[in-house]
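*Asks:* Predicted model and sequence follow; I will ask about them next.
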2 protein chains.
Amino acid sequence: MRIALDAMGGDYAPTPIVQGAVQALRCDADMLVVLVGDQAQIEPILANAGAGDVRNRIEISHASQIISMEESPAMAFRKKPDNSISRCWQLLAQRKVDAIVGAGNTGAMVAGGFLLRLFLKGVKRPGIAALMPTQNGLSVLLDVGANVHPKPEHLYQYGVMGNIFAKHILKIDKPKIGLLNVGSEEDKGNELAKVTQELFRNSPLKDQFIGNVEGRDINRGVCEVIVTDGFVGNVVLKVCEGVFDFVMKAVAKEVMSTLKTEIPLAQLALQNILKRYDYHELGGAPLLGVDGICMICHGSSKERAIENALNVAAKHARAGLNELIVKELAARAPAAAE
Amino acid sequence: MRIALDAMGGDYAPTPIVQGAVQALRCDADMLVVLVGDQAQIEPILANAGAGDVRNRIEISHASQIISMEESPAMAFRKKPDNSISRCWQLLAQRKVDAIVGAGNTGAMVAGGFLLRLFLKGVKRPGIAALMPTQNGLSVLLDVGANVHPKPEHLYQYGVMGNIFAKHILKIDKPKIGLLNVGSEEDKGNELAKVTQELFRNSPLKDQFIGNVEGRDINRGVCEVIVTDGFVGNVVLKVCEGVFDFVMKAVAKEVMSTLKTEIPLAQLALQNILKRYDYHELGGAPLLGVDGICMICHGSSKERAIENALNVAAKHARAGLNELIVKELAARAPAAAE
């Protein structure tokens, strides 16, 4: 299992990124990590991390340039041909690695794969899948930002890929699939939602398709796969993060100012919740539909998030997720596309 | 102050709707409410509510039909010409009332105004404005569902109307206006977001426009007016509701199972939060841009939500919100439209 890690990607890169790789390597003897980035910065971090025990499973691929979090991907790729994100994708395209992981500029991570057209057979547009905590466990929301102008057939394919993901990664027998919309009735929504709904209703997935779901249904866990366009999905993902933060802060303030002797116990309870729903624990979001495994991490990822993302990338590669997606896309083409 | 209330609208109608009107009338001696709906159902509720003290400020406008929560508005208007929602709008159009309030089918509430083209001078498309709790107080998000296929100039007008709302209702001196997008950088987003951003940057509102804001910025209170299309806004509003519920349930479970002697204190703290952010307390969402005041309430509204919505409708009418919007739209047309 060989994974390229963008050592320069993320708000805190490179130190915690490299440290996360060392941690992951210690827990998975079959993993090899190619650290992509500035060799002069990476070497001392490895030395300080006391990575001697796993150093033989670390390679460094020197890339002299970094795409910052704010840069426009198209412009950045032109101006910085030797950037660490493009290098990760090249390693994947050349089959030198099985997976890539990065916490840098999300747009650039996605665009890197799109530029190389490194798509799985049958896939029209890859999409980012995010895990959402629900009252029943986890569900998968896609796309959360790869494709802000999708066509109905792209959304249908997200349903197919999300179905495979929920089945083989979340281990859900027959996942229910919902289309995120502004109401549950059939005639609701914008044109994209209406046409997409028709596609699902006339497809081989029709038995698993539960129709429209609303924003409030996501955390209720009414379905395990929620399909939406990349604009809405990205906003939803960040709104969830924002509301979670907001409510937890309000709770901490109100509860702590009310309790007298049991404040430490309440703090422990709140920490348990923070830990349970922390994105660091979820290990990044896979870009499904590319030929190889690509995990996109939160910009504020530190050691633990990177370690988890590397583990998840290895898990997806070992599960043969992509082979299953190719097979399923061929078998589940919607009626209109046949 | 005369307000038409759809007595038949909402999941629990008509009893708590009528009771809410009675409560509101008791607190506002200058208010008169026209209860719109089935007279045979409304009369006994009034009798049971002991509404004798305010009965002289209650009129009943009999409407024999009800549009259900699930019905398609277009179809319902054709099949049920004597429905309570259309009657409310007719009363507003005939200037028999200053405001209308309803907790029924949101799509039908909006469509009623659109069908009559009861728009304020200069308004291209009305939009629903929702109050969002933030770390600094309240902000206003619009549109949350009136217009799922907006043009950039519609979104610009939402900025103008939201600005007036934040200034005169939320009492914020110079509200900051943000465009909801998938990233803070200028080149982010779909075509609608890109063109809308240009409009704002070249408009008389440019000094108040802070550019793109992300989902997680809403509750942080980075701006007091957040502009978005009705599809995204509606999903966001419901996601907020869903995450809030989800987190509060998780907190209640975890905290209560951890504490030993101070459970009642913690319960009190959580109830305070629930009450503070309860949509029932916010009193519905105004449909801004119609010629008259229209408050759209949550489908699950009970007495308290209706009472508050009636109070808010009266407040908006008295503040002369619409006159201010017409004046501002004329003064703040974007460069491209001049």
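*Replies:* Arrived safely, thanks for sending.
*Asks:* ok, which stretches of the stretch 201-338 of chain A are helices?
*Replies:* A:230-258, A:263-276, A:279-282, A:303-318, A:321-331 (DSSP state H, counting those that start in this stretch).
*Asks:* Mind putting the ones you listed into JSON lines with distance to chain B and mean pLDDT?
*Replies:* Every residue, glycine included, has its C-beta placed from N, CA and C. JSON lines is the format used below for the helices of the stretch 201-338 of chain A (distance: least, CB to the nearest CB, whole Å; pLDDT from 0 to 100):
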{"stretch": "helix A:230-258", "distance to chain B": "3", "mean pLDDT": "95"}
{"stretch": "helix A:263-276", "distance to chain B": "4", "mean pLDDT": "93"}
{"stretch": "helix A:279-282", "distance to chain B": "11", "mean pLDDT": "69"}
{"stretch": "helix A:303-318", "distance to chain B": "17", "mean pLDDT": "96"}
{"stretch": "helix A:321-331", "distance to chain B": "25", "mean pLDDT": "94"}
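*Asks:* how about the nearest residue to residue A:213 once chain neighbours are set aside, secondary structure?
*Replies:* Of all residues not flanking residue A:213 in the chain, residue A:178 sits nearest, at 3.5 Å (CB to CB, 6 or more residues apart in numbering or on different chains). Three-state assignment for residue A:178 (DSSP: H, G, I helix; E, B strand; the rest coil): strand.
*Asks:* picking that back up, with mean neighbour count and distance to residue A:126 as added columns, please give the helices of the stretch 201-338 of chain A in JSON lines.
*Replies:* JSON lines is the format used below for the helices of the stretch 201-338 of chain A (neighbours: other CB atoms under 10 Å in any protein chain shown; distance: least, CB to CB, whole Å):
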{"stretch": "helix A:230-258", "mean neighbour count": "22", "distance to residue A:126": "10"}
{"stretch": "helix A:263-276", "mean neighbour count": "15", "distance to residue A:126": "29"}
{"stretch": "helix A:279-282", "mean neighbour count": "18", "distance to residue A:126": "19"}
{"stretch": "helix A:303-318", "mean neighbour count": "22", "distance to residue A:126": "14"}
{"stretch": "helix A:321-331", "mean neighbour count": "17", "distance to residue A:126": "10"}
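*Asks:* what about those, which gets the closest to residue B:242?
*Replies:* In terms of CB to CB, the element of these nearest to residue B:242 is helix A:230-258, at 8.6 Å.
*Asks:* Show me the shaky parts of chain A.
*Replies:* Within chain A, the ranges that satisfy pLDDT under 70 run A:279-280, A:335-338.
*Asks:* Stretch A:11-24: which residues count as buried?
*Replies:* A:13, A:14, A:15, A:16, A:17, A:18, A:19, A:20, A:21, A:22, A:23, A:24 (16 or more other CB atoms under 10 Å in any protein chain shown).
*Asks:* now stretch A:161-173
*Replies:* Applying 16+ other CB under 10 Å to stretch A:161-173 flags A:161, A:162, A:163, A:164, A:165, A:166, A:167, A:169, A:170, A:172 as buried.
*Asks:* could I get those residues as JSON lines with secondary structure and distance to chain B?
*Replies:* Shown next, in JSON lines, are the buried residues of stretch A:161-173 (DSSP: H, G, I helix; E, B strand; the rest coil; distance: CB to the nearest CB, whole Å):
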{"residue": "A:161", "secondary structure": "helix", "distance to chain B": "20"}
{"residue": "A:162", "secondary structure": "helix", "distance to chain B": "17"}
{"residue": "A:163", "secondary structure": "helix", "distance to chain B": "22"}
{"residue": "A:164", "secondary structure": "helix", "distance to chain B": "25"}
{"residue": "A:165", "secondary structure": "helix", "distance to chain B": "21"}
{"residue": "A:166", "secondary structure": "helix", "distance to chain B": "19"}
{"residue": "A:167", "secondary structure": "helix", "distance to chain B": "24"}
{"residue": "A:169", "secondary structure": "coil", "distance to chain B": "22"}
{"residue": "A:170", "secondary structure": "coil", "distance to chain B": "18"}
{"residue": "A:172", "secondary structure": "coil", "distance to chain B": "19"}
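*Asks:* Same list (those residues) but as CSV, adding distance to residue A:125.
*Replies:* Below are the buried residues of stretch A:161-173 laid out as CSV (distance: CB to CB, whole Å):
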residue, distance to residue A:125
A:161, 11
A:162, 14
A:163, 17
A:164, 16
A:165, 16
A:166, 20
A:167, 21
A:169, 20
A:170, 23
A:172, 24
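*Asks:* still on that earlier bit, which one of the helices of the stretch 201-338 of chain A lies closest to residue B:264?
*Replies:* helix A:230-258 (9.9 Å).
*Asks:* by how many degrees do the closest one and helix A:263-276 diverge?
*Replies:* When axes from the mean of the first three to the mean of the last three CA atoms, to 10 degrees is applied, the directions of helix A:230-258 and helix A:263-276 differ by 170 degrees.
*Asks:* Show the contacting residues for residue A:177.
*Replies:* A:159, A:162-163, A:200, A:205, A:208-210, A:223-227 (CB atoms under 8 Å, 6 or more residues apart in numbering or on different chains).
*Asks:* Just the buried ones from those?
*Replies:* Buried among these by 16+ other CB under 10 Å: A:159, A:162-163, A:200, A:205, A:208-210, A:223-227.
*Asks:* Out of the residues you listed, which is nearest to chain B?
*Replies:* residue A:226 (10.7 Å; CB to the nearest CB).
*Asks:* now residue A:247, nearest residue through space, not along the chain?
*Replies:* residue B:247 (4.4 Å).
*Asks:* Also residue A:201?
*Replies:* residue A:209 (6.6 Å).
*Asks:* returning to that earlier point: widest-spaced pair of the buried residues of stretch A:161-173?
*Replies:* Applying CB to CB across the buried residues of stretch A:161-173, the maximum distance is between A:161 and A:172, 14.4 Å.
*Asks:* Tell me the residues of the stretch 1-150 of chain A that contact chain B?
*Replies:* Contacts of the stretch 1-150 of chain A with chain B, taken as CB under 8 Å from any CB of the partner chain, map to A:70, A:71, A:72, A:107, A:133, A:134, A:135, A:145, A:148, A:149.
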